[in-house]
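# this is the structure alone, sequence omitted:
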């Protein structure tokens, strides 16, 4: 049987689907987090240069990856909302922004903890750190702009334009270590080269990245359900849903 995915573009059909998916992604996030932290802090060997302080990368690197990836996905949903004028697309963009801001903050904070023993400073105006800080401001600006406009449709359009403009910052973050002479080390994981770390270290980092993915999806689905409830208060489908017995 062919599954028609387009029917889930409506808040009325997406709302119950999201409710069914949230527990699975939340449980997956918990499982991957437990496995990833165990591998990262108890199985992975000590780094011969940085000692035990390097273990912050198992949180820092996945958080940094997610901060950029979520922004691209948010920009994609924002573009879909502008092009197709679909309500759910704008709702998804709004639902992703807080999680993206959270991961950006975690990336910056853990980077400071890593930078102190490595560079001797909590913060430097390094190209990658500065562009990552700009990403946090973009997330916060998206949220602030949307909250500042009372009309929901106008708020969606204005924040979507800001999100699309900010997408330019993502490749700047990624390529900053190649374009400029920075203190930040280059990529340890590449699609074109062998990894520059032990297999156990790489496995722990990838599992933590999966945990972040699962958490991001669960959090975004839970948040979009709240947004749907807030925006669709007068909808007939929601009135029928709330009257149905649990």
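Nice, thanks for sending it over. The model shown is predicted, which means the values in this text are computed figures rather than measured ones.
# every contact and neighbour count from this point should use C-alpha atoms.
Noted.
# quick one: secondary structure of residue 121?
Under DSSP: H, G, I helix; E, B strand; the rest coil, residue 121 falls in the coil class.
# which strand or helix spans the closest residue to it other than its chain neighbours?
Excluding the flanking residues, the one nearest residue 121 by CA to CA, 6 or more residues apart in numbering is residue 115, at 6.0 Å. According to DSSP states H and E, residue 115 maps onto helix 87-119.
# and that helix, what's its mean pLDDT?
Helix 87-119 shows an average pLDDT of 92 in the prediction.
# same thing with stretch 160-175?
pLDDT averaged over stretch 160-175 gives 94.
# got a list of contacts for that stretch?
68, 71-72, 74-75, 78-79, 81-82, 90, 93, 127-128, 131-132, 134-135, 138, 142 (CA atoms under 8 Å, 6 or more residues apart in numbering).
# quick one: contacts for residue 8?
By CA under 8 Å, 6+ apart, the contact list for residue 8 reads residue 14.
# test my guess that residue 29 contacts residue 214.
Yes: counting by CA atoms under 8 Å, residue 29 does reach residue 214; the two are 4.8 Å apart.
# hang on, the earlier thing: how close does the residue nearest to residue 121 get to residue 109?
10 Å (CA to CA, to the nearest Å).
# quick check: bridge partners of residue 47?
Judged by DSSP bridges, the bridge partners of residue 47 are residue 51.
# next one: it relative to residue 197, how far apart?
For residue 47, the distance to residue 197 - CA to CA - is 9 Å.
# now the closest residue to residue 18 other than its chain neighbours: which helix or strand?
Spatial nearest neighbour of residue 18, excluding adjacent residues (CA to CA, 6+ apart): residue 221 at 5.7 Å. For residue 221, the host element (DSSP H and E) is helix 199-231.
# and that helix, average pLDDT?
Per-residue scores along helix 199-231 average to 94.
# quick one: it to helix 87-119, angle?
On the basis of axes from the mean of the first three to the mean of the last three CA atoms, to 10 degrees, helix 199-231 is oriented at 140 degrees to helix 87-119.
# so which elements touch the helix holding residue 115?
helix 57-84, helix 127-148, helix 152-166, helix 199-231 (3 or more CA pairs under 8 Å, 6 or more residues apart in numbering; DSSP states H and E).
# what angle separates the shortest one from helix 57-84?
Right, the one you point to is helix 152-166. Using the same axes, to 10 degrees: helix 152-166 against helix 57-84 is 120 degrees.
# mind listing what's buried in helix 152-166?
155, 156, 157, 158, 159, 160, 162, 163, 164, 166 (16 or more other CA atoms under 10 Å).
# same thing with stretch 105-121?
Neighbour-count burial for stretch 105-121 [16+ other CA under 10 Å]: 105, 106, 107, 108, 110, 111, 112, 113, 114, 115.
# need the contact list for the nearest residue to the second one once chain neighbours are set aside.
By the measure of CA to CA, 6+ apart, the closest residue to residue 106 outside its immediate chain neighbours is residue 63, 6.4 Å from it. Listed by CA under 8 Å, 6+ apart, the contact set of residue 63 reads 103, 104, 106, 107, 209, 212.
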